[in-house]
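1. Pasted the sequence and its predicted model underneath.
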Amino acid sequence: MTKYNARKKTVDGITFDSIQESQYYLHLKEKQEKGEILAFNLQPKFTLQESFKKHGKTHRKIEYVADFEILHHDESIEIIDVKGFETADFKIKRKLFEKKYPFKLTLVKHVKKYGGWISTDEWRKRKKEEKKVKK
């Protein structure tokens, strides 16, 4: 188990940090086979801040490693992170990523109730709408 109670899972000889991440990998493979996306890569790395020295101390670079990078037919690139929830650390990295890189960053989760894979933004929107209906 990882620090967030996720279980590692190996698929096609690739070890993923969580079962959901491995399932999204299979989802992307299927989308690529159907021709819905051009290609995808695993764990793309993005430097958010270069390493530097200050007062004789070296500070390491800050890196963000996403789960997937998707190349769409219009040649746009979308960065995907499979998240159960957003940590404080991730929220800071997301802001740094958004400032430095032009790519769309999408957080996804699998919710059967909504038909499978859904962006966390869409999930929040639907949850909010459901609360309005209950009132």
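-> Okay, I see it. Numbering: from 1, shown residues only.

2. how close does the residue nearest the centre of the chain get to residue 58?
-> In the chain, the C-alpha closest to the average C-alpha coordinate belongs to residue 81, at a distance of 0.5 Å (C-alpha atoms, centre = their mean). In this structure, residue 81 and residue 58 are 29 Å apart, going by C-beta to C-beta, to the nearest Å. For glycine as for every other residue, the C-beta is placed from the backbone atoms N, C-alpha and C.

3. Residue 29 now?
-> When distances are taken as C-beta to C-beta, residue 29 and residue 58 turn out to be 41 Å apart.

4. of the two, who's got more company?
-> Neighbour totals were compared for residue 29 and residue 58, and residue 29 leads with 14 against 8 (other C-beta atoms under 10 Å).

5. can you list the residues that contact the helix or strand that contains that one?
-> Here residue 29 is covered by helix 19-33, with elements defined by DSSP states H and E. When contacts are defined by C-beta atoms under 8 Å, 6 or more residues apart in numbering, helix 19-33 is touched by residues 6-7, 9-12, 14, 16, 37-40, 42, 67-68, 70, 80, 82, 84, 108-110, 116-117.

6. Quick check: buried residues in it?
-> For helix 19-33, the buried set under the neighbour-count rule, 16 or more other C-beta atoms under 10 Å, comprises 20, 21, 22, 23, 24, 25, 27, 28.

7. Tabulate those residues (JSON lines), appending distance to residue 129.
-> Output for the buried residues of helix 19-33, formatted as JSON lines (distance: C-beta to C-beta, whole Å):
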{"residue": "20", "distance to residue 129": "24"}
{"residue": "21", "distance to residue 129": "28"}
{"residue": "22", "distance to residue 129": "30"}
{"residue": "23", "distance to residue 129": "26"}
{"residue": "24", "distance to residue 129": "25"}
{"residue": "25", "distance to residue 129": "30"}
{"residue": "27", "distance to residue 129": "25"}
{"residue": "28", "distance to residue 129": "28"}
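
8. got the CA positions of the lowest-mean-pLDDT helix or strand in the chain in PDB?
-> Scoring the helices and strands of the chain by mean pLDDT, DSSP states H and E places helix 120-134 at the bottom, with a mean of 86. Output in PDB follows, covering the C-alpha atoms of helix 120-134 (Å, rounded to 0.1, in the frame of the first residue of the first chain):
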ATOM      1  CA  THR A 120     -13.100  15.900 -11.000                       C
ATOM      2  CA  ASP A 121     -14.400  19.300 -12.200                       C
ATOM      3  CA  GLU A 122     -17.400  17.600 -13.800                       C
ATOM      4  CA  TRP A 123     -17.900  15.400 -10.700                       C
ATOM      5  CA  ARG A 124     -18.000  18.500  -8.400                       C
ATOM      6  CA  LYS A 125     -20.500  20.100 -10.700                       C
ATOM      7  CA  ARG A 126     -22.800  17.100 -10.700                       C
ATOM      8  CA  LYS A 127     -22.600  16.700  -6.900                       C
ATOM      9  CA  LYS A 128     -23.500  20.400  -6.500                       C
ATOM     10  CA  GLU A 129     -26.500  19.900  -8.800                       C
ATOM     11  CA  GLU A 130     -27.600  16.800  -6.800                       C
ATOM     12  CA  LYS A 131     -27.500  18.800  -3.600                       C
ATOM     13  CA  LYS A 132     -29.700  21.500  -5.100                       C
ATOM     14  CA  VAL A 133     -32.300  18.900  -6.200                       C
ATOM     15  CA  LYS A 134     -32.400  17.300  -2.600                       C
END
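
9. Cool, thanks, talk later.
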